[in-house]
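Participant: Give me a model of this one.
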Amino acid sequence: MPDTELLSLQTDHIQALQQRYEQAMAAHGYDSLLISSGAAPMRYGDDQSWHFQGYGPFLHWTGLTGQEHSWLLLRPGEPPLLWLYQPIDFWHANLELPEEPWQQVIEVRYSQQREAPSMEVSGKLAVIGDPASLAEVPGDHNPVQLLAALDETRVHKTLYEIACLARANEIAVLGHKAARDTFLAGGSEFEINLAYQRATGQREAEAPYHSIIGLNEHAGTLHYQYYDTEAPARSRSLLIDAGVRFRGYCSDITRTTPAADEGRFAALAQGLGQLQHRLCEMVAPGVDYVAIHRKTHEGIAALLSAAGVVSGLDDKALVEQGITRAFFPHGIGHFLGIQVHDVAGKRKPSPADAPLLRLTRTLEPGMVVTIEPGLYIIPSLLGPFLNGPLGEHFNHAVIDELQGCGGIRIEDNVLVTAEGARNLTREAGG
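Facilitator: Residues are numbered from 1 along each chain as shown. From the prediction side, this is the model:
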């Protein structure tokens, strides 16, 4: 999509937000709303702050992820008013905004003060953001019911948001391809990370989350957070879970690559890929997201039996006995948007058989979700089964072999449409 079309969609997006927010404010008795961008807290005992990415509702309107100490005022029937913090400072550079159409529908002012600006508002004011930024600001701070209503404004994506999410996928796919090539060339986790950053043109601090890059058994740690600078003597597998921010919007993609001589693990990865494709095809309006999660466990059971990891138990027993949860302990996915784990996913609690599931809603057009089945060899989860009464049903030799490859996860970003779904990741060549 050309940038001119994208920028035009942004003005439509802001007008849609104006309507949604005004309805939420009216429903909860507020005449105006002030949104704080927030600020990075200082590290304890240090003069350095943590990296800053911004408060969700502020990003929803502006996409300005690095803009601290800034404020957005919303009043029904009037253009939004944005104060950007721009101090006179020889230590740091100020953000320079390019001329874009959204500045014609949001009034932009600049301020040298970190505190909330002086405002002329009448009626009842709500103020939302990090409480640390709101201490001296008048108005009702973070009213719970209004916040819940504002979370709902992010569930159904505008055309602008969809375009940004698609672009974030396109850029991230470039990084994933570079990461795979570096792995196959014998690179270390650190080198794979550098290849990903180089291909995406994004510093890791700007990414929506810390990239998970695990070789061999490290792939069995779901949120593995370290990068070895030396490649292992034998690289058997790569799991990379990494995304990109584009104008504030996140992609969240995972790929697993077996080494050329890992026949059993490669077959299992291929089987999980086929299962993931079927799960993505389930995404459609009216589908219960929990049903997709449960279908995943059925598929994992079939894979475990077909690969000879377990025997003597039918697929139903593998699910009911909790064995599939030992191999697939997390949920099938979550909402995606301004935040990686976007808000409003759980109108009702997660069911007992899926306690870590982050999304429990029925799918509707405009929602964007991830579909990310996994199959891992995690000793702490498998130990009770291997050493318990069901241990005879496990092929210990196969498990020992697979443990050196860690695990498999395959994750796509999928838009629910009126007819079914668009897989934004596969569209981007991922």
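Participant: And the residue nearest the centre of this protein?
Facilitator: The centre of the chain sits closest to residue 340, judged by CA atoms, centre = their mean, with a distance of 2.1 Å.
Participant: I'd like to know how many residues surround the closest residue to residue 121 other than its chain neighbours.
Facilitator: Nearest residue to residue 121 in three dimensions, chain neighbours excluded: residue 32, at 4.5 Å (CB to CB, 6 or more residues apart in numbering). Quick note: C-beta positions are derived from backbone N, CA and C, even for glycine. When counting by other CB atoms under 10 Å, one arrives at 21 neighbours for residue 32.
Participant: Now residue 32: phi and psi?
Facilitator: With angles defined as degrees, to the nearest 10, residue 32 shows backbone torsions of phi -160, psi 160.
Participant: next one: residue 343
Facilitator: Dihedral angles of residue 343 (phi, psi; degrees, to the nearest 10) stand at phi -80, psi 170.
Participant: Now do the contacts for it.
Facilitator: Shown here is residue 343, whose contacts under the criterion CB atoms under 8 Å, 6 or more residues apart in numbering are 56, 151, 154, 335.
Participant: circling back: do I have it right that the residue nearest to the centre of the chain meets residue 244?
Facilitator: No. Between residue 340 and residue 244 no contact is recorded; they are 11.0 Å apart, counting by CB atoms under 8 Å.
Participant: Spell out which residues are contacts of both of the two.
Facilitator: Overlap of the contact sets of residue 340 and residue 244 (by CB under 8 Å, 6+ apart) consists of 208, 250.
Participant: Now do the helices in the stretch 301-430 of the chain.
Facilitator: All helices of the stretch 301-430 of the chain, identified by DSSP state H, counting those that start in this stretch, fall at 315-320, 323-327, 379-386, 396-403, 424-427.
Participant: What residues of the shortest one count as buried?
Facilitator: Just to be clear, that refers to helix 424-427. By neighbour count, and taking 16 or more other CB atoms under 10 Å as the criterion, the buried residues in helix 424-427 are 424-425.
Participant: avg pLDDT for that helix?
Facilitator: The average pLDDT for helix 424-427 rounds to 98.
Participant: helices and strands around it, which ones?
Facilitator: helix 159-184, strand 412-416 (3 or more CB pairs under 8 Å, 6 or more residues apart in numbering; DSSP states H and E).
Participant: tell me the average confidence for the longest one?
Facilitator: This points to helix 159-184. Model confidence over helix 159-184 averages 98 on the pLDDT scale.
Participant: what does the last one give?
Facilitator: Here the mean pLDDT over strand 412-416 is 98, rounded to a whole number.
Participant: now do stretch 332-351
Facilitator: The average pLDDT for stretch 332-351 rounds to 96.
Participant: now do stretch 129-141
Facilitator: Computed over stretch 129-141, the mean pLDDT rounds to 94.
Participant: In contact with residue 124, which residues?
Facilitator: 29-32, 139-140.
Participant: can you pull out the helices in the stretch 151-300 of the chain?
Facilitator: Along the stretch 151-300 of the chain, the segments classed as helices by DSSP H, counting those that start in this stretch run 159-184, 189-200, 263-282, 289-306.
Participant: could the ones you listed be laid out in JSON lines, adding mean neighbour count and distance to residue 219?
Facilitator: What follows is these, written out as JSON lines (neighbours: other CB atoms under 10 Å; distance: least, CB to CB, whole Å):
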{"stretch": "helix 159-184", "mean neighbour count": "22", "distance to residue 219": "11"}
{"stretch": "helix 189-200", "mean neighbour count": "21", "distance to residue 219": "10"}
{"stretch": "helix 263-282", "mean neighbour count": "18", "distance to residue 219": "10"}
{"stretch": "helix 289-306", "mean neighbour count": "20", "distance to residue 219": "16"}
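Participant: what would those helices look like in CSV with distance to residue 76?
Facilitator: Rendered in CSV, the data for the helices of the stretch 151-300 of the chain read as follows (distance: least, CB to CB, whole Å):
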stretch, distance to residue 76
helix 159-184, 22
helix 189-200, 40
helix 263-282, 40
helix 289-306, 34
